[in-house]
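Enquirer: quick check, what structure comes out for this input:
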Amino acid sequence: MNHRQRIGLLILLVGLSLGVTSQIQANELAPTTAVQPQQTSANLGVFEEVWRTVHEHFYDPTFHGLDWAAVGDKYRPLAATAGSDVERSAVINRMLSELAASHTGYYTASDPAYYQLLDIFSGALRQPLRRLFPDGQVSYPGIGIFTKSLDGKSFISGVLDGLAASKAGLLVGDEIIAVDGDPFHPMKSFAPKVGQEVTLAIRRRGDAPAEGVVVVPEPIIPNKAFLKAMEDSARIIDTNGVKIGYIHVWSYAGAQYQQLLERELSSGKLRDADALVWDLREGWGGAEAEYLHLFTGRAPITTLINRDGRKSVANVSWRKPVAMLVNGGTRSGKEILAYGFKEYGVGEVIGNRTAGAVLAGRAYLLSDGSLVLVAVADVLVDGRRLEGVGVMPTISVAFPLPYAQGQDPQLDRAVEVLSRAVGAGG
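Expert: Numbers count the residues shown, from 1 in each chain. From the prediction side, this is the model:
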């Protein structure tokens, strides 16, 4: 399989709550207004495209024991009478959820994940993308956060280093109450206000009054944003004289992320670290199993020094203590790395069980510009199936998200473990 083919077939899945509608009760799908004939036609056109794409490409020809034709008949009337694109999306995703498979979902332009998938799969979707983005550059308005809905409230579950939210001081665990006085929406709250100040009403503690945080939305180019956030996350945590390196890999959908990790370890901010925390929580998968060689390889490290003193390093290998952070947002290719990391005794895996979302997905752009992700191949790891199973950490550490105030007990535990390891080694 060549590089271009691999771009079109990546093992990846979005992190927690990026705006995809999941389980919705049937009575919530009833249209609130009369549906016009043209709306019905559009609804059915898209619905049929999704149904047919799954029928032709889903990896299991038995559809997990479902009668796929009957499933289509069940949801077709609901799709036809959907009064809005949001309602139609909810119907389609309910239908897809019956397959109980990862890497299978429907995305529209009202969802940040839509743009992230388009950019991740841009190589395979190059030609059809031109009609949506004439310059070929996928971008969307945002502030660089992941959110999760709990009990009807929106909480920040991830903040991308170096982007607008991070610069404004927003923290993991903050509850977003409103944006400029209106209900929070991951796209609508920021789309008309790029480059302008907006005020997020947030609650940092459950018993605290709301406070305002001013942030300036920016155009986010997904792959570049994830790469920048990864680079900006790299830092040294000094604890009792031990230098613990830290880096957060938000996406592994491309070799550039592993290349950045190798540069940071060999010649960047982490080169003098005594140990490393490799954070694979949240975001996107797409990792290659071979990336684990960085921590298990035994080839000599070769450094080339040019006339001007510039250095380049080949066969980068990390031979000091390392710990991996995982949680329910660690998915797909990242789970394969977690499995190998644990199975081969590379270091402690710290956090919560991973998502159990290990299928191979392919993105299909539909006629109206929406997108469907379909699981097109099953995946075995050392002969084992991780789909629906996931990887248990070697050290389980809970992370209560609401009102965490930026605290990270999983990272704290990793730093503690590595500090002891370095001390024992010394």
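Enquirer: Lys320 - that's part of a helix, no?
Expert: No: judged by DSSP: H, G, I helix; E, B strand; the rest coil, Lys320 forms no part of a helix; its state is coil.
Enquirer: now it. Nearest residue, chain neighbours left out?
Expert: Excluding its sequence neighbours, the residue lying closest to Lys320 (CB to CB, 6 or more residues apart in numbering) is Ala275, at 5.5 Å. Glycine gets a C-beta too; all of them are placed from N, C-alpha and C.
Enquirer: and the one you found, what are its bridge partners?
Expert: For Ala275, the beta-bridge partners under DSSP bridges are Ile244.
Enquirer: pretty sure it sits against Pro321.
Expert: Yes: in this structure, Ala275 is within contact of Pro321 by CB atoms under 8 Å, at 4.1 Å.
Enquirer: between these two, what contacts are shared?
Expert: The contact sets of Ala275 and Pro321 overlap at 418, 421-422 (CB atoms under 8 Å, 6 or more residues apart in numbering).
Enquirer: export those residues to CSV and tack on distance to Ser157 and secondary structure?
Expert: Shown next, in CSV, are the shared contacts of Ala275 and Pro321 (distance: CB to CB, whole Å; DSSP: H, G, I helix; E, B strand; the rest coil):
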residue, distance to Ser157, secondary structure
Leu418, 24, helix
Ala421, 29, helix
Val422, 30, helix
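Enquirer: most neighbours among those residues, which one?
Expert: Leu418 (28 neighbours; other CB atoms under 10 Å).
Enquirer: who touches the residue most central in space within the chain in this structure?
Expert: Centroid check for the chain by CA atoms, centre = their mean gives Gly283 as the closest residue, at 2.1 Å. The neighbours of Gly283, taking CB under 8 Å, 6+ apart as the test, are 15, 146, 158, 226, 249-251, 329.
Enquirer: OK, contacts around the residue nearest to Lys320?
Expert: 242-245, 320-323, 418-419, 421-422.
Enquirer: buried subset of those?
Expert: Among the contacts of Ala275, the ones that count as buried by 16 or more other CB atoms under 10 Å are 242, 244-245, 320-323, 418-419, 421-422.
Enquirer: now the residues you listed in a markdown table, with pLDDT and distance to Thr199?
Expert: Listed next are the buried ones among the contacts of Ala275 as a markdown table, based on pLDDT from 0 to 100; distance: CB to CB, whole Å:
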| residue | pLDDT | distance to Thr199 |
| --- | --- | --- |
| Val242 | 96 | 41 |
| Ile244 | 98 | 36 |
| Gly245 | 98 | 36 |
| Lys320 | 95 | 44 |
| Pro321 | 97 | 44 |
| Val322 | 97 | 41 |
| Ala323 | 98 | 38 |
| Leu418 | 97 | 40 |
| Ser419 | 96 | 40 |
| Ala421 | 94 | 45 |
| Val422 | 94 | 44 |
